[in-house]
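Q: using only what follows, build the 3D model:
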Amino acid sequence: MEHLVGLEGLTALFILLPGFLCARLIQWLCVRPKQSELDKIVESLLYSFIIYLIFGLVHGGSVPVAFVSQQVQGATRYTVQFDHRSLFELAGIALVLAFGVGGIVTNDLSGKVFRKLRLTQRTTRSSVWSDAFHDVSGVVQVELGDGRTIMGWLRYYSDEPKDASLFLEKAAWVGTDQSLVQIPGPGILITKELGINSVSFLDHDNSRESKATFGGKRMFKGWIVFLIAAILIAAGVSAGIHFWSDANKVQAVANLAGFVATVLLLSLTAVYVGTNQETLSLLTRQWDEQHRVMLQHGLDAPNGNAQAWITNQGAHHVLITRILIERENGTMTTLPAHRIVQPGSVETFMLPPEIWQDSKPTCDVEIAFEFEHLGTSGTTEPKAFNLMPSSQQATILRRIKAGIHGLWDVNCPKCGAWDGMCMKTDALGNLVAARARKRAMQAELRESCPNHRSSWMLTTESSSPGESASGS
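A: Numbers count the residues shown, from 1 in each chain. Reported below is the predicted structural model:
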């Protein structure tokens, strides 16, 4: 009796092995939610059912493992018979199923289909952490637990958010003034001990497009071709083994296999050509991104002296040729610079007091930098600042404030009256916006003349209290 129980257990083990093999491969290929031992057994049983269902559709009523009882000299003898060909076929079906499910889960293929059909809003992946890093890639800016910030190209990431580990290539520390300090070597590993407060995906559109090109179209086509090839190869091997004794059928199977191989070769060639085109497009975008000019500038007043600064956050040297300073009255001051700003560095330029010393009490200026990079020239986005000279010494600045904060007198264009009317500036970022608001206020004054009403008129209630000490 004990011998019978052992044989039954051995038979059950061989029957369930394909499902366990398939489940184990899927857990190795993709990140799965944490499962209990019971969950793993149930999942393996389901995969065993699917494998034997496919096997039954191909072979009808044949079984790979049989528990046989025979009468030998009046005694019952129990044996386990194996069909070795069927066992190899079961293993092949388990491998193909595991690779197929792994590809579907990793690339969220079924989730995309079901979400498009409005059947679910879930993905096939284990967490939002995994979804974000699968679908979005490129340059990231990571804020660590201690407040420091680091930037780099995302290369590797942990499977689960509880581990919260990243590896960044071409990484650099980001200073408080937005300057970059390059980290020597291939990159930096951020472990969960450092803590991650947030991860910002920079240049999201380009990164997402690149990821969609490679992680979506190319991977989808590759997996489809691979699955078709694996299924056809498994079917061909199974048919060849099954009909090995019939020469005519073997020849027919060989001819069919040759035709299928030709079709697969053409399909792989088409995928390869498409991949090369996508690769060329991606390399072009990467070239443009790596050579993109990334300049940030501002204005401050150390010791009362106006100082313009500019930092290069790109990967190549940039030549600053001129500094353009425009006042609210349209007066333009051009200062020659001719200085190279290296990647990750900050350059400063002292400004002459003639720009602000005749202003009472403050003046609004707009500053921009002209530059040259790889044979092309350009101008940074203009930024406005409000300068307040010292009442005792006009050549010394009391403070610099980011944005437009000065008193802009506005006359009625219809009657020419002023009546002490000034415009609310609301810390506008540039002179173009301020002048557009001034025209809008003049139009309202014209329409309401002689009462002179405007939604942009500065009042005691609308004036902003408090002043900052510097601008950036």
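Q: domain map for the chain?
A: By the assignment in automatic domain parsing, the chain contains the domains 2-116, 139-202, 207-290, 295-448.
Q: between those domains, which gets the lowest average pLDDT?
A: Within those, confidence is poorest for domain 207-290, with a mean of 63 (mean pLDDT).
Q: before we move on, back to that, can I get the domains of the chain in JSON lines with mean neighbour count and distance to Ser455?
A: Where you see a C-beta, it was placed from the backbone N, CA and C, and this is true even at glycine. Shown next, in JSON lines, are these (neighbours: other Cβ atoms under 10 Å; distance: least, Cβ to Cβ, whole Å):
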{"stretch": "domain 2-116", "mean neighbour count": "15", "distance to Ser455": "45"}
{"stretch": "domain 139-202", "mean neighbour count": "15", "distance to Ser455": "35"}
{"stretch": "domain 207-290", "mean neighbour count": "14", "distance to Ser455": "40"}
{"stretch": "domain 295-448", "mean neighbour count": "17", "distance to Ser455": "7"}
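Q: closest one to Asp131 among the ones you listed?
A: domain 2-116 (7.6 Å; Cβ to Cβ).
Q: assign Ala98 to helix, strand or coil.
A: helix (DSSP: H, G, I helix; E, B strand; the rest coil).
Q: not counting sequence-adjacent ones, nearest residue to Pro361?
A: Met388 (6.4 Å; Cβ to Cβ, 6 or more residues apart in numbering).
Q: hang on, isn't the one you found packed against Val365?
A: No - the criterion here is Cβ atoms under 8 Å, and Met388 misses it with Val365 at 11.7 Å.
Q: which helix or strand contains Lys401?
A: Assignment of secondary structure by DSSP states H and E places Lys401 within strand 397-402.
Q: which other helices and strands contact that strand?
A: strand 295-300, strand 383-389 (3 or more Cβ pairs under 8 Å, 6 or more residues apart in numbering; DSSP states H and E).
Q: partners of the very next helix or strand once past it in the sheet?
A: Counting by DSSP H and E, the next helix or strand C-terminal to strand 397-402 is strand 408-409. Using DSSP bridges, the strands paired with strand 408-409 are strand 422-423 (antiparallel).
Q: touching the partner strand from outside, list them.
A: Leu407, Trp408, Asp409, Val410, Ala434, Arg437, Lys438, Met441, Trp456, Met457, Leu458 (Cβ atoms under 8 Å, 6 or more residues apart in numbering).
Q: switch the cut-off to 6 Å
A: Leu407, Trp408, Asp409, Val410, Lys438, Met441, Trp456, Leu458 (Cβ atoms under 6 Å, 6 or more residues apart in numbering).
Q: who does the residue lying closest to the last one once chain neighbours are set aside form a beta bridge with?
A: What it means is Leu458. Among residues not flanking Leu458 along the chain, Cys422 sits closest, at 4.2 Å (Cβ to Cβ, 6+ apart). Counting by DSSP bridges, Cys422 is bridged to Asp409.
Q: that older thread, what sits against the residue nearest to Pro361?
A: So Met388 contacts Thr362, Arg398, Arg399 (Cβ under 6 Å, 6+ apart).
Q: including distance to Glu347, could these go into TSV?
A: Formatted as TSV, these follow (distance: Cβ to Cβ, whole Å):
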residue	distance to Glu347
Thr362	27
Arg398	25
Arg399	23
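Q: show me which of the residues you listed is closest to Ile190.
A: Out of the contacts of Met388, the member with the shortest distance to Ile190 (by Cβ to Cβ) is Arg399, at 38.6 Å.
Q: so how far is Thr362 from that closest one?
A: Arg399 sits 9 Å away from Thr362, going by Cβ to Cβ, to the nearest Å.
Q: one step back: which single one of the contacts of Met388 is nearest to Thr106?
A: Arg399 (56.0 Å).
Q: if we can go back for a sec, would you format the helices and strands packed on strand 397-402 as CSV with distance to Glu143 included?
A: Below are the helices and strands packed on strand 397-402 laid out as CSV (distance: least, Cβ to Cβ, whole Å):
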stretch, distance to Glu143
strand 295-300, 18
strand 383-389, 25
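Q: wasn't Val58 part of a strand?
A: No - secondary structure of Val58 (three-state DSSP): helix, not part of a strand.
Q: got the contact list for it?
A: No contacts exist for Val58 under Cβ under 6 Å, 6+ apart.
Q: distance of it from Leu16?
A: Taking Cβ to Cβ, one finds Val58 at 20 Å from Leu16.
Q: check Met441 too.
A: Between Met441 and Leu16 the computed distance is 81 Å (Cβ to Cβ).
Q: cool, Pro186 as well?
A: Counting by Cβ to Cβ - Pro186 and Leu16 are separated by 45 Å.
Q: and for Asn411?
A: Taking Cβ to Cβ, one finds Asn411 at 91 Å from Leu16.
Q: other residues contacting stretch 322-338?
A: Ile320, Phe349, Ile355, Asp364, Val365, Glu366, Ile367, Ala368, Phe369, Glu370.
Q: out of those residues, who's nearest Gln178?
A: Phe369 (14.8 Å).
Q: for the host helix or strand of the closest one, packing partners?
A: Using DSSP H and E, Phe369 falls within strand 363-373. Counting contacts by 3 or more Cβ pairs under 6 Å, 6 or more residues apart in numbering; DSSP states H and E, strand 363-373 packs against strand 318-327, strand 376-379, strand 383-389.
Q: quick one, strands of the stretch 51-200 of the chain?
A: Along the stretch 51-200 of the chain, the segments classed as strands by DSSP state E, counting those that start in this stretch run 65-72, 75-82, 139-144, 149-157, 166-174, 180-182, 187-190, 196-201.
Q: give me the distance between the residue positioned nearest the centre of the chain and Val128.
A: Residue closest to the mean C-alpha point of the chain, counted by Cα atoms, centre = their mean, is Val136 at 2.7 Å. Applying Cβ to Cβ, the value for Val136 to Val128 is 11 Å.
Q: what about the helices in the stretch 151-300 of the chain?
A: 204-211, 219-242, 247-290 (DSSP state H, counting those that start in this stretch).
Q: contacting residues for Lys170?
A: By Cβ under 6 Å, 6+ apart, the neighbours of Lys170 are Gly152, Trp153.
Q: look up how far Met294 lies from it.
A: 14 Å.
Q: check Thr379 too.
A: For Thr379, the distance to Met294 - Cβ to Cβ - is 14 Å.
Q: now swap in Ser86 and tell me
A: Counting by Cβ to Cβ - Ser86 and Met294 are separated by 63 Å.
Q: over to Ala434?
A: With Cβ to Cβ as the criterion, Ala434 and Met294 are 27 Å apart.
Q: repeat that for Ser158.
A: 29 Å.
Q: how about Asp419?
A: 47 Å.
Q: with Val58 instead?
A: Counting by Cβ to Cβ, the gap from Val58 to Met294 is 59 Å.
Q: and Ala164, by the same measure?
A: Taken as Cβ to Cβ, the span from Ala164 to Met294 is 28 Å.
Q: then Gly314?
A: Taking Cβ to Cβ, one finds Gly314 at 4 Å from Met294.
Q: again with Ile325
A: The spacing between Ile325 and Met294, counted by Cβ to Cβ, is 22 Å.
Q: same thing with Leu21?
A: Leu21 is 51 Å from Met294, by Cβ to Cβ.
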